[in-house]
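A.B. asks: task: produce atomic coordinates for the following.
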Amino acid sequence: MRAALRRVPGWWPLPLCLALGAGAGAAYSAVTPAQYAATSYVVVSPAPGQSEAAGALGYAQAYGKIATDPMILADAEKRAKLRPGTIRDGIQASTSPDAPMVQITATSSKAGQAAKNADAVAKALTHTAKSSTKRTGARLTVLSEAMAPPTPVSPSSAVAVSVGACAGGLLGGLVLLVRPPSRRRAALAGAADTGTATATAAGA
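C.D. replies: Coordinates of the predicted model:
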């Protein structure tokens, strides 16, 4: 057994930590619930009788910022008949600098629920904007309703394994760096003795 242990390379912590990290990443992706994302689009256009189409882009930016406001989310939960606070952490809103459009993305552990949440927020946003149409001259319309996604967006097994392996490799490298100097010298001495014995045998 001692002879077998001597033949083990000194850098053994590196592949071991790599394997452990990859295994941990695979286990994480297996136990983490899948998350689905669905997106609904709301377009901003001039109200009837208004000709300031350029202003619609500015209002789109403004409505994109308030799409996740607690008041709008509360209205969305009421419309979708959801428990208060259900969709508060799973809603994101973004806008485009080139088009008067608000993109609303909802995430949930169920594909159908993600689509339902995105549509509820989109309708709540248009309802909020409707009350101020005469003052702003902008009208919000749901351009595209969300569809239940067929595949989850997270977790990704490949990404989880890769991240775990990278973390394990980093840990293994740190283990090699913090090894006691005596072990390093012993390894070097063993390598030198092996080289001397080989040279002597060759000369004989």
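A.B. asks: contacts, neighbours, all on C-alpha from now
C.D. replies: Fine.
A.B. asks: now do the helices in this structure.
C.D. replies: With DSSP state H as the criterion, the chain has helices at 2-6, 13-31, 54-66, 70-79, 111-130, 133-136, 157-177, 181-203.
A.B. asks: gap between the fifth one and the chain center?
C.D. replies: The gap between the average C-alpha position of helix 111-130 and the chain average comes to 22 Å, counting by Cα atoms, centre = their mean, to the nearest Å.
A.B. asks: the third one now?
C.D. replies: Centre-to-centre, helix 54-66 and its host chain are 27 Å apart (Cα atoms, centre = their mean).
A.B. asks: buried residues in that helix?
C.D. replies: Buried residues in helix 54-66, defined by neighbour count with 16 or more other Cα atoms under 10 Å: Gly55, Ala56, Leu57, Gly58, Tyr59, Ala60, Gln61, Tyr63, Gly64.
A.B. asks: I'd say the fifth one and Leu140 touch.
C.D. replies: This means Tyr59. No. Using Cα atoms under 8 Å, Tyr59 makes no contact with Leu140, being 9.6 Å away.
A.B. asks: which neighbours do these two share?
C.D. replies: Taking Cα atoms under 8 Å, 6 or more residues apart in numbering as the contact rule, Tyr59 and Leu140 both touch Val44.
A.B. asks: remind me, longest strand of this protein?
C.D. replies: strand 36-46 (DSSP state E).
A.B. asks: list the helices and strands that one packs on?
C.D. replies: Here strand 36-46 touches helix 54-66, strand 101-108, helix 111-130, strand 138-144, going by 3 or more Cα pairs under 8 Å, 6 or more residues apart in numbering; DSSP states H and E.
A.B. asks: which ones are touching Ala124?
C.D. replies: Neighbours of Ala124 in contact, by Cα under 8 Å, 6+ apart: Ile72, Leu73, Asp75, Ala76, Arg79.
A.B. asks: the closest residue to it other than its chain neighbours: how many residues sit nearby?
C.D. replies: In space, and not counting its chain neighbours, Ala124 is closest to Ala76: 5.3 Å by Cα to Cα, 6 or more residues apart in numbering. Applying other Cα atoms under 10 Å, we find 26 other residues in the vicinity of Ala76.
A.B. asks: now do the contacts for Ala76.
C.D. replies: So Ala76 contacts Asn117, Ala120, Val121, Lys123, Ala124 (Cα under 8 Å, 6+ apart).
A.B. asks: same thing but at 6 Å, please
C.D. replies: Ala120, Val121, Ala124 (Cα atoms under 6 Å, 6 or more residues apart in numbering).
A.B. asks: the second one: neighbouring residues, count only.
C.D. replies: As a burial measure, Val121 scores 28 neighbours (other Cα under 10 Å).
A.B. asks: now it: closest residue in space, sequence neighbours ignored.
C.D. replies: Using Cα to Cα, 6+ apart and skipping residues adjacent in sequence, the residue nearest Val121 is Ala76, 4.9 Å away.
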